[in-house]
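> heads up, no residue letters with this:
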């Protein structure tokens, strides 16, 4: 396994190189300040990051690339627990998602609004949220999911 993302993909510029710095797990990294001049991730960089987060897909909405994941819940209160956790995470990192809830499914989307495209911050936040979600699952917070509710695709 490569020691860093930089070993997996060729980096285009110093700015891109700094976005994909060093070998730390995405969930352990911190979001960086993104300016409107920050270049978005290339297709290769995006795919390399996507491979590090399970269950997320890359979509384009209104010309803006983003990542999204659907989290199914057995009860409304379970979704509220994850939203509170998401609020704390995004507040600490100052990188906020869009989200919606329907049919017992919370859909979370990340993009970097400063450039209306994907940056490493989007993948960092996805990894952080997934790590917390898996922790809650292991502790039995979402038993309905552990009892067999499978992955759910968001409605288009």
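Thanks, I have it. None of these values were measured; they are calculated from a predicted model.
> use CA for all of it now, contacts and neighbours both
Will do.
> Pretty sure residue 36 sits in a strand.
No - judged by DSSP: H, G, I helix; E, B strand; the rest coil, residue 36 forms no part of a strand; its state is coil.
> how near is it to residue 59?
According to C-alpha to C-alpha, to the nearest Å, residue 36 stands 21 Å off from residue 59.
> can you check residue 65 too?
Residue 65 sits 6 Å away from residue 59, taking C-alpha to C-alpha as the criterion.
> Tell me which of these two has more neighbours.
residue 65 (18 against 12; other C-alpha atoms under 10 Å).
> Next, the contact list for the more buried one, please.
For residue 65, the residues meeting the contact criterion (C-alpha atoms under 8 Å, 6 or more residues apart in numbering) are 58, 59, 111, 116, 117, 118.
> Just the buried ones from those, in PyMOL syntax?
PyMOL command restricting the contacts of residue 65 to the buried ones, with burial defined by 16 or more other C-alpha atoms under 10 Å:
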select buried, resi 111+117+118
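> With pLDDT and distance to residue 104 as extra columns, can I get the contacts of residue 65 in JSON lines?
Converted to JSON lines, the contacts of residue 65 look like this (pLDDT from 0 to 100; distance: C-alpha to C-alpha, whole Å):
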{"residue": "58", "pLDDT": "96", "distance to residue 104": "22"}
{"residue": "59", "pLDDT": "95", "distance to residue 104": "21"}
{"residue": "111", "pLDDT": "97", "distance to residue 104": "23"}
{"residue": "116", "pLDDT": "95", "distance to residue 104": "28"}
{"residue": "117", "pLDDT": "97", "distance to residue 104": "28"}
{"residue": "118", "pLDDT": "97", "distance to residue 104": "27"}
